[in-house]
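# just the structure for this:
(chains A and B)
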Amino acid sequence: MDVLGFHFQDTVIVAGFFAATLVPALVGIVLGAIFKSNKVANVVASLCIVSCAVSVSTYPLWHLGLALEYTLPIPSAIGEYRLAIDQLTACMISFSSVIFMLIVVHVVKSTSDSGCRYSALLNALFLACFSCMSADSVLVLLFSWELVTLTTFLLSKKGNNDHARWMFFAIAHLGGMVLICAYSFMASVAGTQVLSQWDGLSSALGHWTSMALIMAIVMGFGTKLGLIPFHAWMPDLYATAPIHTATLLSTVCSNVAILMVFKTVFSYIGITAALTPIAFAIVIIAVATALWGALESLVQREPKKLLAYSSMENMALVVLCMALGIIYIVESPALAKLVLVAGLLHTLNHSVFKSLMLMSIDTVEDCTGEKNIGRMGGLSRTLPALSAVAIIGILAMAAVPPTNGFVSEWLMIQSLMGADLESKGMSLVIPLILAAVGICGMMMAASYARLYGFIFLGRPRSEAMENPRPMKRGTILPLALLAALCLGMGLFAMTIMDVLAASIVSLIGMPPSPGYRSVMSGELLPLVLGTAVVATVAVLYWASKRGAQPEREVPTWSCGEDLDENMQYSSIGFTQPLVKVFHPFYGDTTVVRETKDSKVRTVIIEFVEPFVKYLYKPLGALLTGISERIGKTQTGNIQTYFAYVLITLVVTLLAVRVF
Amino acid sequence: MNPFEIVLMALQAAALMAVSPLVVGIIRKIKARMQNKVGASVLQPYRDLRKMFRKESAVSENASFLFRLIPYVCLTSMLLLAAMTPFVYTQVIAPYADVIAMVYIFTMFRFAMVLGGLEGGSAFGGMGSSREVMMSVLIEPALLISIMTLSAMTGAGFDLSAISGSINARGAAAICPALLLAGTSFVITMVAENTRVPFDNPDTHLELTMVHEGMLLEYSGRGLAIMEFASMVRLTIFMALLGTLFFPWGTAMAMTAAELSVSLLAITVKMLAIAFGIALLESTVAKMRVFRMPNMLTASFALALMAMVSLYVL
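Sure thing, here's the model as predicted:
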């Protein structure tokens, strides 16, 4: 290949690319580990930005036709550390790097989380995510996935949030353990640990084993995505961890997990008709997760917890698409392409709007020092720039045209309804899924309306809201870029869909025709629709302002009373009607605490996560109980241990004698 | 597509918007007559809109720029929908979206209005918005599924014109349980979405049970006129959809003078019949308690679901 008149061999360019991606991050880790000063922290973070910037070029390089394969120069007794990047991986890496980069820019600008240690760990997380996505051998995959868990665990330390961190650590490791078992087993069956040589293992595995493995893979990666019942760590960790950690977990790490599930299920294991039943099980889990996320988001008091449940709902929709892909792929490959494109597009879109919203909400908390949505309000007048970017994020999350969130939800429903399958069972399932997706979408929209309405609109509900500190300089830049992405990806969604469709075709090895558009029964021109919306609003606004009488600013109508800050609708009250409608699902999650002071009586309604109350707490208590009982045998008395040795010896001798 | 056809399609979208205050006026007139009153002229809504449009608007000091923009967003969404609703002629001018996008444009309208209700920081706006989202959680899926049922029934994809044309072409043979169930669900959705009795009373600002008017409470002058007009257009679009999508017989499918005049007559009769139905409902049924609404909405949701299931089972 010729670059700037010089001729390079492809392998040199590829090696240079990998070196330029990995080395700055590695240097960053070393620097961050040695030094402590804040100046070095910025250098370390910049190195991470450099790495991200280089890895953004992954897709362009792939597009040039380079074979992006590389073996890490690390000697090993158990196989090579191979990296290989196919089209889908290239897409995901490039895209996730953009998000990663913007988050790191925000880290540098906001300075709330920066510090050498934090920046070094960011570099490590980048390396882990990059190598996990591009892993071509089981060893790299498992090692880097473990590194993702470890670094995010270390990154989430802030104040005294040990409970939330260890909860995450335990659940993520449960998933990690399942994955280690699954991949080692597959490697033993395949006879090689090079992933690109695993081509449709399902024929060798037999369909029962394949189904079990698919479930293990989905649930194993699902611990990070928040599939029921592994979502229990999300709300607390999102609320207590440094925001950039939560943002990375919700966006880049989720992208990694989704990509690995897609690659493993569709390429490494391979789908045959006999594997369809497991997809129905995954559909049920995904729908339950989505509904649960939507229901719980309605009652959250802290904006970050609300966003945690929103992440869970969005990722459940992606997993739902994947499961439908498994069902469709045998009977109708074109439809499978459509549904998988919908899932991947939603993954990408989610990482844009969720990072935008999480960081915006953190800016709000940073500027006002308030964490309870019930005490916020009225920020749109004091922080106009932030509220302008936040509204775009909210519209995208609520799937309002012409944002990116709308396009992917539209595509999802499109792919659900495109199903013209012969099997009667499916025809009965589809309307139910459609209903669930519709209800989830509207419930989440209610939550998002609450999020924006009670933070940015209305009157301030506390002192801190009236005079917030100004935003730190430059923090608006990454947010504005993300907001622009929300709109741009909505308008140019068709181009992104084409790229994703081509990647899926090459990943699964399907024939390129019939294309995914052949089963789209509706037509959507996002560019035309978006332009129509914006242009019409602008023209109407302009036309109507001309010749209008000047408007008058008046106090909000209050029936003649003076309004105090509590005399407006409360945030919990806003969704209370919905909670009342769906109350059977909440069960006894409501705890009313009453403080009987001499003068003031306060009633606090608390919502507890039933999965923690009824699953994790009893499970923890059981395990603690067992270990305490085992602990009793350890008396520390030397005679007791002699007795144990004696008993063991006698039992062993008897056993040997008998058998 | 010849130029004459484009003009016709643009005309039908314009006509849909132009007659919407008249439709509201007719409903009010029929209601008044049923209550033995003379009632205002059917043209009164035009006069009200003109008067409000000219008045000075007073904006709450807590409201942001969004508040000033929301009426235009609402009107825009209705303009976009009017351009894609078959009214007199099956083909429509707007090629940018299908029925799924249509449901999302309704959501856009609703979302903008809910945020507008929260702008003033009064208790009324918040209450209206809160109830609106409660209703929408059940309304929107029902709307989506009932329209999807038509799409699945006709196999015409998600194109409104194609669905309407396909049912029309089948004639009486198109009447099947799915169509009737979906139609019933759509009627309930129409009444709820447009906040008519028994879900909400569109005529009052005083009741604590209000939904729609609660959200509009802070608007005045030109903003209020636009919001009211957008709501009128929404009602008319729903009525037109009921008339041309669920019971499309008579709607012109070809560009001939005979078909178009029959179609014009048919849609007039249909709109009058639906208006009469709404007026009758509003005169005979009392407004529901707020927490009774979900039962009715769930019924609509269940009907839509049954409609779709019946397609596959029967």
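
# A:Y70 sits in which helix or strand?
Using DSSP states H and E, the element containing A:Y70 is strand A:69-71.

# any idea how far that strand is from the chain center?
With CA atoms, centre = their mean, to the nearest Å as the basis, strand A:69-71 stands 28 Å off its chain's centre.

# output the contacting helices and strands for that strand.
helix A:10-34, strand A:82-84 (3 or more CB pairs under 8 Å, 6 or more residues apart in numbering or on different chains; DSSP states H and E). The way it works is simple: take the backbone N, C-alpha and C, and place the C-beta from them, glycine included.

# with mean neighbour count and mean pLDDT added, can I get these in a markdown table?
Output for the helices and strands packed on strand A:69-71, formatted as a markdown table (neighbours: other CB atoms under 10 Å in any protein chain shown; pLDDT from 0 to 100):
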| stretch | mean neighbour count | mean pLDDT |
| --- | --- | --- |
| helix A:10-34 | 17 | 90 |
| strand A:82-84 | 20 | 90 |
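
# these: which one's closest to A:V554?
For A:V554, the closest of the helices and strands packed on strand A:69-71 is helix A:10-34, at 55.4 Å, according to CB to CB.

# that older thread, dump the helices and strands packed on strand A:69-71 to JSON lines, plus distance to chain B.
Shown next, in JSON lines, are those (distance: least, CB to the nearest CB, whole Å):
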{"stretch": "helix A:10-34", "distance to chain B": "39"}
{"stretch": "strand A:82-84", "distance to chain B": "38"}
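
# re earlier: the strand holding A:Y70 pairs with which strands, parallel or anti?
The strands beside strand A:69-71 in its sheet (DSSP bridges) come out as strand A:82-84 (antiparallel).

# off-centre distance for the helix or strand just after the strand it pairs with?
Scanning forward in sequence from strand A:82-84 by DSSP H and E, the next helix or strand is helix A:87-110. Put simply, helix A:87-110 sits 14 Å off its chain's centre (CA atoms, centre = their mean).

# how far off helix A:10-34 does helix A:87-110 point, in degrees?
Between the axes of helix A:87-110 and helix A:10-34, defined by axes from the mean of the first three to the mean of the last three CA atoms, to 10 degrees, the angle is 30 degrees.

# helix A:87-110: what's the following helix or strand?
Remark: after helix A:87-110, the chain's next helix or strand is helix A:116-134, criterion DSSP H and E.

# in that following helix, what's buried?
Across helix A:116-134, burial judged by 16 or more other CB atoms under 10 Å in any protein chain shown covers A:116-134.

# what's the closest of the helices and strands packed on strand A:69-71 to A:G620?
Proximity to A:G620, assessed across those by CB to CB, is greatest for helix A:10-34 (34.0 Å).

# and the stretch 551-659 of chain A, which of its residues are near chain B?
A:551-558, A:563, A:567-570, A:573-578, A:580-581 (CB under 8 Å from any CB of the partner chain).

# just the buried residues from those, in ChimeraX please.
To isolate the buried ones among those in ChimeraX, judged by 16+ other CB under 10 Å, type:
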select /A:551,556,557,563,568,569,570,574,575,576,577,578,581
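
# just the residues of the stretch 551-659 of chain A next to chain B: which are in strands?
Judged by DSSP state E, those include A:R552, A:E553, A:V554 as members of strands.

# surely the second one meets B:S57?
Put plainly, it is A:E553. No: counting by CB atoms under 8 Å, A:E553 does not reach B:S57; the two are 10.4 Å apart.

# domain parsing of chain A, as residue ranges.
Annotated domains of chain A cover A:336-542, A:613-658 [automatic domain parsing].

# what sits against A:G458?
Neighbour list for A:G458: A:G377, A:G378, A:Q568, A:Y569, B:N62, B:L118, B:E119, B:G120, B:G121, B:G126 [criterion: CB atoms under 8 Å, 6 or more residues apart in numbering or on different chains].

# can you name the next helix or strand after the host helix or strand of A:I326?
Counting by DSSP H and E, the element that carries A:I326 is helix A:303-331. The C-terminal neighbour of helix A:303-331 among helices and strands, as given by DSSP H and E, is helix A:333-368.

# and that following helix, which residues are buried?
Buried residues in helix A:333-368, counted by 16+ other CB under 10 Å: A:333-368.

# stretch B:292-310 now?
For stretch B:292-310, by 16+ other CB under 10 Å, it's B:293-294, B:296-297, B:300-301, B:303-310.

# save those as CSV, and put in distance to A:I103 too.
Shown next, in CSV, are those (distance: CB to CB, whole Å):
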residue, distance to A:I103
B:M293, 43
B:P294, 41
B:M296, 46
B:L297, 41
B:S300, 44
B:F301, 40
B:L303, 47
B:A304, 42
B:L305, 42
B:M306, 47
B:A307, 46
B:M308, 42
B:V309, 45
B:S310, 49
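
# A:K224 reaches A:S254, doesn't it?
Yes: at 6.7 Å, A:K224 counts as touching A:S254 under the criterion of CB under 8 Å.

# mind listing the strands for the stretch 1-150 of chain B?
Here the stretch 1-150 of chain B has its strands, by DSSP state E, counting those that start in this stretch, at B:58-60.

# got it, and chain A?
Assigned by DSSP E, the strands in chain A fall at A:2-3, A:6-7, A:69-71, A:82-84, A:552-554, A:590-596, A:601-607.

# how many other residues sit next to the closest residue to chain A within the stretch 51-200 of chain B?
Across the stretch 51-200 of chain B, the shortest distance to chain A (CB to the nearest CB) belongs to B:G126, at 2.2 Å. By other CB atoms under 10 Å in any protein chain shown, 26 other residues sit near B:G126.

# okay but it is in contact with A:Q568, surely?
Yes: if you go by CB under 8 Å, B:G126 and A:Q568 touch, sitting 5.9 Å apart.

# mind listing what A:M133 touches?
A:T89, A:M92, A:I93, A:S96, A:N255, A:V256, A:L259, A:M260.

# redo that, cut-off 7 Å
Shown in contact with A:M133 (CB atoms under 7 Å, 6 or more residues apart in numbering or on different chains): A:T89, A:M92, A:I93, A:V256, A:L259.

# again, but for A:L386
By CB under 7 Å, 6+ apart, the residues touching A:L386 are A:S360, A:T363, A:M471, A:I476.

# can you tell me how far A:G441 sits from chain B?
8 Å (CB to the nearest CB, to the nearest Å).

# run a quick neighbour tally on that residue.
Using other CB under 10 Å, A:G441 is surrounded by 27 other residues.

# thought it was touching A:M412?
No: with contact defined as CB atoms under 7 Å, A:G441 and A:M412 do not form a contacting pair (9.4 Å).

# model confidence score at A:D562, please.
A:D562 carries a pLDDT value of 79.

# which residues of chain B score low on pLDDT?
Applying pLDDT under 70 to chain B flags the ranges B:1, B:95, B:204-209.

# and the nearest residue to A:K263 once chain neighbours are set aside, what is it in contact with?
Sequence neighbours aside, A:L507 is the residue nearest to A:K263 in space, at 6.7 Å (criterion: CB to CB, 6 or more residues apart in numbering or on different chains). Contact analysis of A:L507 by CB under 7 Å, 6+ apart lists A:D86, A:L88, A:K263, A:F266, A:S267.

# tell me the spacing between A:L507 and A:K337.
11 Å (CB to CB, to the nearest Å).

# try A:N314
Taking CB to CB as the measure, A:N314 falls 21 Å from A:K337.

# do A:I413 as well
Applying CB to CB, the value for A:I413 to A:K337 is 16 Å.

# try A:G32
43 Å.

# what do you get for A:S462?
Counting by CB to CB, the gap from A:S462 to A:K337 is 51 Å.
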